[in-house]
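Chemist: Sequence and predicted structure are below.
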Amino acid sequence: MSGGTIARGHLVGQRAWIRMATERLAADYSRSADTHLIRLDARRTSDVPIYLKDESAHPSGSLKHRLARSLFLYGIVNGMIREGRPVIEASSGSTAISEAYFASLVDVPYIAVVPANTAVKKIAAIEFYGGRVETVDSAAHLDRRCTELAAQWDGHFIDQFTYAERATDWRGNNNIAESLFAQMAREHHPIPDWVVVGAGTGGTSATIGRYIRYRPELVTHTRLCVVDPQGSAYFPAFKDSNPRAVGASSGIVEGIGRPRV
């Protein structure tokens, strides 16, 4: 068999895998309903209507399900995620759970690099979907270890911090902002005064903030409150308009608070 024949056969095989993987991602999207927007009983809280967006209802049980699907689709169509090659991620747990779910769906190995203090339940959820978990002592070492593993195994560091903005269309594409405001449309007050978000990776707040500015009926009325624990990098970044601000990971709430923006 000539080298050209081998190359063509390999290309055909890769295209068949890409078709299989993208079809499975599309099927997952088709059978996944939107998550609930729950209105709290005002009589039990205050006179202010309060709504909670429940992202835990996704198939993987993680609020990062939407992002993980987009990251996998982006990686596959750009040739970075390949058949039989591992996908590696730095995560505090939630993103890794959803990514392990999608890695299992498209049949590629998955390695999650997580801080040593990650909850046992999160590690168990990653392993339930067939993922392998490696711990590091400090969150500051997550990216370096992922880069090392990607080089060692000829895999792809899926890197939510780098690729999330490219993989997800903040104007639509089933993102959380579009879903949230569409579900508010028939409420007595369809345009909220405030949207309150905790800063995990910062991606959810960035998506909602851009969407508010994008929609003329929202930009003059709706404000965004980002809750960030003491020591995290996001507060000084917002306060001083400094995307290079640094901080320390917070132990107050797992997954909330980051050493870098």
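Modeler: Right, received. Where do you want to start? The shown structure was predicted, so the numbers you read here are calculated from the model rather than taken from an experiment.
Chemist: ok, which stretches of the stretch 101-250 of the chain are helices?
Modeler: 120-128, 142-153, 160-167, 176-184, 203-214, 216-219, 234-240 (DSSP state H, counting those that start in this stretch).
Chemist: and residue 26, which of those is closest to it?
Modeler: Closest approach to residue 26 among these is made by helix 160-167 (15.3 Å; C-beta to C-beta). Yep, even glycine has a C-beta here, placed from its N, CA and C like the rest.
Chemist: buried ones in the closest one?
Modeler: Buried residues in helix 160-167, counting neighbours by 16 or more other C-beta atoms under 10 Å, are found at 160, 161, 163, 164, 167.
Chemist: rewinding a little: save the helices of the stretch 101-250 of the chain as JSON lines, and put in distance to residue 111 too.
Modeler: What follows is these, written out as JSON lines (distance: least, C-beta to C-beta, whole Å):
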{"stretch": "helix 120-128", "distance to residue 111": "10"}
{"stretch": "helix 142-153", "distance to residue 111": "6"}
{"stretch": "helix 160-167", "distance to residue 111": "14"}
{"stretch": "helix 176-184", "distance to residue 111": "27"}
{"stretch": "helix 203-214", "distance to residue 111": "21"}
{"stretch": "helix 216-219", "distance to residue 111": "40"}
{"stretch": "helix 234-240", "distance to residue 111": "27"}
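Chemist: In CSV: the buried residues of helix 160-167, plus distance to residue 154 and pLDDT.
Modeler: Converted to CSV, those look like this (distance: C-beta to C-beta, whole Å; pLDDT from 0 to 100):
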residue, distance to residue 154, pLDDT
160, 21, 89
161, 22, 84
163, 19, 90
164, 23, 85
167, 22, 87
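Chemist: Which one of these is nearest to residue 105?
Modeler: residue 167 (16.3 Å).
Chemist: which ones are touching the residue lying closest to that closest one once chain neighbours are set aside?
Modeler: The shortest distance from residue 167 to any residue other than its chain neighbours is 3.7 Å, reached at residue 74 (C-beta to C-beta, 6 or more residues apart in numbering). For residue 74, the contacting residues are 163, 166, 167, by C-beta atoms under 8 Å, 6 or more residues apart in numbering.
Chemist: now residue 226
Modeler: For residue 226, counting by C-beta under 8 Å, 6+ apart, the contacting residues are 197, 198, 199, 205, 234, 238.
Chemist: Okay, it and residue 203: tell me how far apart.
Modeler: When distances are taken as C-beta to C-beta, to the nearest Å, residue 226 and residue 203 turn out to be 12 Å apart.
Chemist: For this structure, give me the ranges with low pLDDT.
Modeler: Along the chain, the parts satisfying pLDDT under 70 run over 1-12, 42-46, 172-174, 249-255.
Chemist: where do the strands sit along the stretch 51-200 of the chain?
Modeler: Along the stretch 51-200 of the chain, the stretches classed as strands by DSSP state E, counting those that start in this stretch are 51-53, 87-90, 110-115, 132-136, 156-157, 194-198.
Chemist: Check what contacts the fifth one and list those residues.
Modeler: Read it as strand 156-157. With contacts defined as C-beta under 8 Å, 6+ apart, strand 156-157 is touched by 75, 80-82, 85-90, 143, 146-147, 149-150.
Chemist: 10 Å - rerun?
Modeler: Where contact means C-beta atoms under 10 Å, 6 or more residues apart in numbering, the residues beyond strand 156-157 that reach it are 75-76, 78-82, 85-90, 108, 111, 113, 143, 145-151, 163.
Chemist: same question, the last one
Modeler: With contacts defined as C-beta under 10 Å, 6+ apart, strand 194-198 is touched by 48, 50-51, 53, 176-177, 180-181, 184, 203-209, 211-212, 218, 222-229, 253, 255-257.
Chemist: Excluding sequence neighbours, find me the nearest residue to residue 191.
Modeler: The shortest distance from residue 191 to any residue other than its chain neighbours is 5.3 Å, reached at residue 221 (C-beta to C-beta, 6+ apart).
Chemist: Look up how far residue 181 lies from the one you found.
Modeler: Spatial separation of residue 221 from residue 181 under the definition C-beta to C-beta is 12 Å.
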